[in-house]
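Asks: sequence? don't have it. structure:
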C-alpha cells in the first residue's frame, strides 16, 4: 500500500499544478489562488486576497519588473556623480569623476586610478553570488608610448620658439620707436631754423645818432662848397 503521507503530498502538488495552470498571463499563485502581478513602477496595495490593486511608486523609489511586493525599492545613492537619474521604473546609474574608477558594475564605490603616463589600464571581472560584477584593475607598461622626457620634447621646442618670437618682436618695436623719435627730432629742426644774426664788417654799417649824422652832413656840405670855389678860381 502507498503511505498516507505520500498520498497527501501528491494531492497537494496536483492541486497547486492545477491552480497554476488555471492562472492567466501576468498572474501568480498565492495561497492557492491566482494573483495579478503589479507592473514596473507600481507596488501591490494590501494582500493578494484583498484584491486592492497596485499603486504608483513614490518619488525616490522604483520597481523595474512585474512583482507581488507591497513596496517599491529605494533609489540608489551615488558616491560621486549621477549619470542617469532614478525614475519610477529604473534605478539610478552612477559614475565616477575623472581620475577615479568604478569598483563594480553598479559603481557603488570609486577608487583612484593609479596608472601614470606610459602605463595601460587593464581590468578583470568577477561575478559575485548576488549578481554584482566586481572589477579589478592593474597598470601595465605601454610600449607604443614614448618616455616622459621624449614626450615633452615638442612642448619644449614650442616654448623656445615662442620666446624667440617674443624677443624678435620686442627688438623690432624698439627699432621702429627709435626711428620715429629720430625723424621727429629732424622735423622739429627743419620747422624751427636757428636765426643767424649778421655782424657788420664795416663800422660804416653801424647806425649813427642824430647829432653825429647832422655833423657828418655839415662837413660834407662844406667840402662840396670848397671844391666848387676852387673850380671857379681856376
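Replies: Looks like it arrived, so ask away. Please read these numbers as outputs of a predicted model, since none were measured by experiment.
Asks: Point out where this protein drops to low pLDDT.
Replies: 1-21, 144-157, 185-234 (pLDDT under 70).
Asks: Could I get the full set of strands for it?
Replies: For the chain, applying DSSP state E gives strands covering 27-30, 33-36, 42-44, 54-56, 61-62, 73-74, 81-84, 93-95, 100-102, 110-112, 119-127, 133-141.
Asks: wait, which of the ones you listed is closest to residue 183?
Replies: strand 119-127 (62.7 Å; Cβ to Cβ). Glycine gets a C-beta too; all of them are placed from N, C-alpha and C.
Asks: Can I get the strands of the chain in CSV including mean neighbour count and distance to residue 170?
Replies: Listed next are the strands of the chain as CSV, based on neighbours: other Cβ atoms under 10 Å; distance: least, Cβ to Cβ, whole Å:
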stretch, mean neighbour count, distance to residue 170
strand 27-30, 16, 85
strand 33-36, 16, 84
strand 42-44, 20, 75
strand 54-56, 15, 72
strand 61-62, 19, 66
strand 73-74, 14, 66
strand 81-84, 12, 47
strand 93-95, 16, 49
strand 100-102, 18, 46
strand 110-112, 14, 46
strand 119-127, 11, 43
strand 133-141, 12, 45
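Asks: how about a markdown table for these, with distance to residue 178 added?
Replies: Shown next, in a markdown table, are these (distance: least, Cβ to Cβ, whole Å):
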| stretch | distance to residue 178 |
| --- | --- |
| strand 27-30 | 96 |
| strand 33-36 | 95 |
| strand 42-44 | 86 |
| strand 54-56 | 83 |
| strand 61-62 | 77 |
| strand 73-74 | 78 |
| strand 81-84 | 59 |
| strand 93-95 | 61 |
| strand 100-102 | 58 |
| strand 110-112 | 58 |
| strand 119-127 | 55 |
| strand 133-141 | 57 |
